[in-house]
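**Student:** From the sequence below, what's the structure:
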Amino acid sequence: MPDQETATDEIVVTRLLPNICTDRVEETRDFYAALLGFVVGFEHQGWYTQMASPENPQLQIGIVRRNHEFTPKAFQKPAQGVIISAQVADVDAAYSEVLKRGIHIELELRDESFGMRRFMVADPNGVLVNVFSFP
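**Tutor:** The predicted structure follows:
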């Protein structure tokens, strides 16, 4: 593993934006609008949608049409094995709201031994979203 000091000097991350590759761009967009209240920041010619929190625009997610040339062909596969975690101010309120919106719960609200209170839902692509807070 590289020396931490050296890695920090060479790579300075200024933003981290997860992008989900999908054939269900519109459905995925609507899911994150309903779950997290994210709004569309911009869309690019039907192949890319960027969404952000209206309260904190640094919190973003991108949605990429799976078969677009942006993604190398060898990686144009459905998303799997990914968990997106969203820390919220009040996980109990978020859970109630998700239930009201009719979003299917994959893992019921629970307190974990490692100090997290959380629940999980899956987006239209099968990507898990871990919604949590610390009591």
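**Student:** where does this structure dip in pLDDT?
**Tutor:** 1-9 (pLDDT under 70).
**Student:** Could you pull out the helices in it for me?
**Tutor:** Assigned by DSSP state H, the helices in the chain fall at 4-10, 25-36, 91-100.
**Student:** who does the second one touch, helix- and strand-wise?
**Tutor:** Spelled out, that is helix 25-36. Packing partners of helix 25-36 (3 or more Cβ pairs under 8 Å, 6 or more residues apart in numbering; DSSP states H and E): strand 39-44, strand 48-52, strand 60-65. All C-beta atoms are positioned from the backbone trio N, CA, C, and that covers glycine.
**Student:** about what we covered before: between the helices of the chain, which one is nearest to residue 65?
**Tutor:** Nearest to residue 65 among the helices of the chain is helix 25-36; the distance by Cβ to Cβ comes to 5.6 Å.
**Student:** Return the distance of that closest one from the chain's centre.
**Tutor:** 10 Å (Cα atoms, centre = their mean, to the nearest Å).
**Student:** Identify each buried residue in it, please.
**Tutor:** 25, 28, 29, 31, 32, 35, 36 (16 or more other Cβ atoms under 10 Å).
**Student:** residues contacting the last one?
**Tutor:** When you say that, I think you mean residue 36. Residue 36 is in contact with 53, 86, counting by Cβ atoms under 8 Å, 6 or more residues apart in numbering.
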